[in-house]
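Novice: have a look; sequence and predicted model below, questions after that.
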Amino acid sequence: MKCIAIDDEPLALDLLEDNISMVPYLQLAGKCQNAFEAMEILRHQSVDLIFLDIQMPGLTGLQFLESLPNKPMVILITAYEKYALEGFNLAVTDYLVKPVSLERFIRACNKAQELFLLKSGSKANREQADFFFVNVDYSLLKVVFADITWIEGLKDYVKIHLQGNPKPVITRMSIKGLEEQLPPAKFIRIHKSHIVSVGAITAIRKNSVFLDEIELPVGDTYRDSVYALAGKSSQ
């Protein structure tokens with residue numbers, strides 16, 4: 001993965017460069033002491049991952065992140081814990097508080113690599129994958145596709161309901177964004193707010209889909225594709 005490092009402290013930037021050099025799948029494309037230098041690099045080449053300090057003169061790391069039209073993955077590295085919530089609201093991959101041990105640094109890089117492989121994979125690769133990661137409580141949580149029964153969209157959040165788990169996993173993302181990460185052969189959109197596991201469907205009746213005792217509505221837009229599962233017409 002091609003990456004850049006941004007930190008206004010030269011010693012911290014050198015340490016970050018050393019850590020990156022120890023990770024075999026990372027290629028450092030540039031070191032920057034402020035956000036404006038980073039903008040210049042991004043004008044001429046694309047990167048997969050940014051290691052980003054928050055407190056910098058002129059433009060803070062969070063302001064820089066918000067300004068990017070096409071955001072790569074970002075690992076925030078800062079001396080301040082207080083920005084963690086704001087950082088994860090911007091869907092960063094990880095949040096590291098200085099001083100960062102090499103073990104913790106590599107763990108964050110491994111998360112980024114797993115996400116990179118999932119995002120860069122073809123549709124066929126997504127069909128073969130059996131899990132994905134979502135941001136939950138300041139960390140990336142692994143969710144196995146086979147454990148999902150249904151997904152509920154709530155504005156900027158989604159609830160992922162899992163087999164044998166009374167509490168759903170709640171993550172900040174759109175239901176459309178989550179749908180793009182699911183293997184289409186295993187899941188079906190039945191409503192603007194609902195995606196269900198095909199294997200979890202126990203019955204289809206009129207304008208509803210049943211997952212055992214759970215009844216979910218079928219939207220008009222999705223009715224034909226739902227009935228096509230049973231080889232029937234919705235007419």
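Specialist: Noted; the coordinates are in hand.

Novice: right, and the helix or strand after the helix-or-strand element of the chain with minimal mean pLDDT?
Specialist: In the chain, no helix or strand scores lower on mean pLDDT, DSSP states H and E than helix 123-128, which sits at a mean of 54. Using DSSP states H and E, the helix or strand that follows helix 123-128 in sequence is strand 131-136.

Novice: and that next one, what does it pack onto?
Specialist: If you count contacts as 3 or more CB pairs under 8 Å, 6 or more residues apart in numbering; DSSP states H and E, strand 131-136 packs onto helix 102-120, strand 139-144, strand 169-172. Every C-beta, even on glycine, is put in place using the N, C-alpha and C of the backbone.

Novice: now the angle from it to helix 102-120?
Specialist: Put simply, strand 131-136 runs at 120 degrees to helix 102-120, going by axes from the mean of the first three to the mean of the last three CA atoms, to 10 degrees.

Novice: for the residue nearest the centre of the chain, give its distance to E66.
Specialist: Taking CA atoms, centre = their mean, the centroid of the chain lies closest to V134, which sits 5.1 Å from it. For V134, the distance to E66 (CB to CB, to the nearest Å) stands at 21 Å.

Novice: ok so, going back, want to throw the helices and strands packed on strand 131-136 into a markdown table with mean pLDDT and distance to E37?
Specialist: Formatted as a markdown table, the helices and strands packed on strand 131-136 follow (pLDDT from 0 to 100; distance: least, CB to CB, whole Å):
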| stretch | mean pLDDT | distance to E37 |
| --- | --- | --- |
| helix 102-120 | 84 | 22 |
| strand 139-144 | 83 | 28 |
| strand 169-172 | 90 | 30 |
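
Novice: spit out the contact partners of A146.
Specialist: 130, 199 (CB atoms under 8 Å, 6 or more residues apart in numbering).

Novice: residues near the nearest residue to N19 once chain neighbours are set aside, how many?
Specialist: Distance criterion CB to CB, 6 or more residues apart in numbering; nearest residue to N19, sequence neighbours excluded, is F105 at 5.0 Å. Look at F105: counted by other CB atoms under 10 Å, it has 21 neighbours.

Novice: follow-up on the earlier one: distance to L216 added to the helices and strands packed on strand 131-136, as TSV?
Specialist: Listed next are those as TSV, based on distance: least, CB to CB, whole Å:
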stretch	distance to L216
helix 102-120	27
strand 139-144	19
strand 169-172	18
